[in-house]
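**Q** Below are the sequence and a predicted model; questions follow.
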Amino acid sequence: MSPISLRSIGQAGKNHSVAIVTSDARPLIDVVCAVIQKPDGEFLLAQRPTGKVYQGYWEFPGGKVEPGEGVAAATARELHEELGINVAESFPWLTRKFSYPHAHVRLHFRRVTRWQNVPRSRENQAFEWQRVENITVTPLLPANGPILEALALPTIYGITRAKELGEVEMLRRLEAALSNGLRLIQVREKDWAPEKIHAFANQAISLAGQFGAKILINSDLGLARELKADGIHLTARQLLSASEKPDAELCGASCHNVEELEKAEQLGLNFVVLGSVLATASHPGGPTLGWDRFAELAQNYSLPIFALGGLTEQHRETALRCGAHGVAMVRNAWRV
């Protein structure tokens, strides 16, 4: 599969857009949006039928949350009414506010990964299975651009540890992980001399390019630009001092608390990493969030969150249930 351009995906959601209101005093209307996704990544988009606002536009299936109804229950009800399917499993994902000329909405996106029955139209709407790298339907509702960008992000984020393993061994393990499907990597080698980081990052970028994977450079935007990396990962300190999002295709940041999460939203970053969730070998006895606090922080958040700290790939489902996009790993991304 060829590399996916997040900028082109974002543009897909902007095509045929309508006027967007930046401030809105109208009451919020809660709406559920279901990201019905097959194991191979295909997801379902539905076309708004004739007679509805924005008729003909494509969107994620869903509808309004009824008074006293929970988001998960509303998702299940709407999908049964619209598509005749019974939801067996869904996870909270992103929550975004959006102002259309006709309404001010809070969109609750849930990932639906298991369901019963074959989807069929029960409200005279068309629907199509799509792939994020090849959206074939148009026009899309303008609120969907950031959601498609988020869907393009892998659910595993590997963070290098060449200082501990050695450069040759780290590159060997990177190649093995890429062969096994890893597609998002952060080069993070603290306390190395600039020329050493430059040489290692250059090799990592070259290797990742062979697999269509994306490399982010930790904290050094100049190096990321020089090496034509796919993006930059900000430290928490850099995040809090930033006045605007760096000019990069991908920009993530490390977060530990509400203040940092809110700043990442204000800057419009592509994703954040939140931790430490569990105890780690690198910081024994250090403070941890635990899954309950992680879920509290992730609730109603607008950016994709990677859970970090003492995690393995086996923690991914737990992370998804708590509202994460996926998991970030240092040691456990490179086990052989």
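**A** Arrived safely. Numbers count the residues shown, from 1 in each chain.
**Q** for Phe200, what are its contacts?
**A** Phe200 sits next to Ala162, Glu167, Met170, Leu171, Val187, Glu189, Trp192 when contact means Cβ atoms under 8 Å, 6 or more residues apart in numbering. Backbone N, C-alpha and C define where each C-beta goes, glycine included.
**Q** I'd like to know which of those residues are part of strands.
**A** Judged by DSSP state E, strands contain the following of these: Val187.
**Q** Ile156: which of the contacts of Phe200 is nearest?
**A** Nearest to Ile156 among those, counting by Cβ to Cβ, is Val187 at 15.8 Å.
**Q** any idea how far stretch 101-115 is from the chain center?
**A** Distance, stretch centre to chain centre, for stretch 101-115: 15 Å (Cα atoms, centre = their mean, to the nearest Å).
**Q** again, but for stretch 89-102
**A** 14 Å.
**Q** what about stretch 298-317, how long is it end to end?
**A** End-to-end distance of stretch 298-317 (Cα to Cα, to the nearest Å): 15 Å.
**Q** Return the distance of Trp93 relative to Pro101.
**A** 26 Å (Cβ to Cβ, to the nearest Å).
**Q** still on that earlier bit, can you lay out the contacts of Phe200 as CSV showing neighbour count and pLDDT?
**A** Compiled in CSV, the contacts of Phe200 are given as follows (neighbours: other Cβ atoms under 10 Å; pLDDT from 0 to 100):
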residue, neighbour count, pLDDT
Ala162, 24, 97
Glu167, 17, 97
Met170, 21, 98
Leu171, 18, 98
Val187, 27, 98
Glu189, 21, 96
Trp192, 15, 95
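**Q** okay if I get the contacts of Phe200 as CSV plus distance to His233?
**A** Shown next, in CSV, are these (distance: Cβ to Cβ, whole Å):
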residue, distance to His233
Ala162, 16
Glu167, 20
Met170, 17
Leu171, 19
Val187, 9
Glu189, 12
Trp192, 16
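**Q** Where does the record place the domain boundaries for the chain?
**A** 6-145, 156-333 (automatic domain parsing).
**Q** In terms of mean pLDDT, which of the ones you listed ranks lowest?
**A** For those, mean pLDDT drops lowest on domain 6-145, to a mean of 88.
**Q** Going along the chain, name the strands of the stretch 151-300 of the chain.
**A** Under the criterion DSSP state E, counting those that start in this stretch, strands of the stretch 151-300 of the chain are mapped to 156-159, 184-187, 214-218, 231-234, 250-255, 271-275.
**Q** Same list (the ones you listed) but as JSON lines, adding distance to Leu44.
**A** JSON lines is the format used below for the strands of the stretch 151-300 of the chain (distance: least, Cβ to Cβ, whole Å):
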{"stretch": "strand 156-159", "distance to Leu44": "24"}
{"stretch": "strand 184-187", "distance to Leu44": "24"}
{"stretch": "strand 214-218", "distance to Leu44": "26"}
{"stretch": "strand 231-234", "distance to Leu44": "29"}
{"stretch": "strand 250-255", "distance to Leu44": "26"}
{"stretch": "strand 271-275", "distance to Leu44": "23"}
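**Q** which one of the ones you listed lies closest to Ala25?
**A** strand 271-275 (28.9 Å).
**Q** what does that closest one rub up against?
**A** 150, 153, 157, 233, 250, 252-256, 260-261, 264, 289, 294, 297-298, 303-309, 324-325, 328.
**Q** now swap in stretch 118-134 and tell me
**A** 1-2, 4, 9, 36, 38, 41-50, 58, 61, 81-85, 136-137, 148, 151-152.
**Q** Please point out which parts of that stretch sit buried.
**A** Neighbour counts over stretch 118-134 (16 or more other Cβ atoms under 10 Å) mark Pro119, Gln125, Phe127, Gln130, Val132, Glu133 as buried.
**Q** Repeat that for stretch 111-119.
**A** Arg111, Val112, Thr113, Trp115, Pro119.
**Q** now stretch 147-163
**A** In terms of neighbour count (16+ other Cβ under 10 Å), stretch 147-163 has its buried residues at 147-162.
**Q** That stretch: end-to-end distance?
**A** One end of stretch 147-163 sits 36 Å from the other (Cα to Cα).
**Q** re the thing from before, can you tell me which of the buried residues of stretch 147-163 is nearest Ala319?
**A** Thr155 (8.5 Å).
**Q** From Leu184, how far out is that closest one?
**A** 9 Å.
**Q** What of Asn124?
**A** 40 Å.
**Q** same question, Leu311
**A** 15 Å.
**Q** picking up where we left off before, of the strands of the stretch 151-300 of the chain, which is nearest Val105?
**A** strand 271-275 (22.7 Å).
**Q** Neighbouring strands - and their directions - for that closest one?
**A** Using DSSP bridges, the neighbouring strands of strand 271-275 in the sheet come out as strand 250-255 (parallel), strand 305-308 (parallel).
**Q** Can you lay out those as CSV showing mean neighbour count and distance to Ala25?
**A** As requested, the strands paired with strand 271-275 are arranged in CSV below (neighbours: other Cβ atoms under 10 Å; distance: least, Cβ to Cβ, whole Å):
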stretch, mean neighbour count, distance to Ala25
strand 250-255, 25, 30
strand 305-308, 28, 29
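**Q** out of these, nearest to Leu239?
**A** Of the strands paired with strand 271-275, the one closest to Leu239 (Cβ to Cβ) turns out to be strand 250-255, at 4.3 Å.
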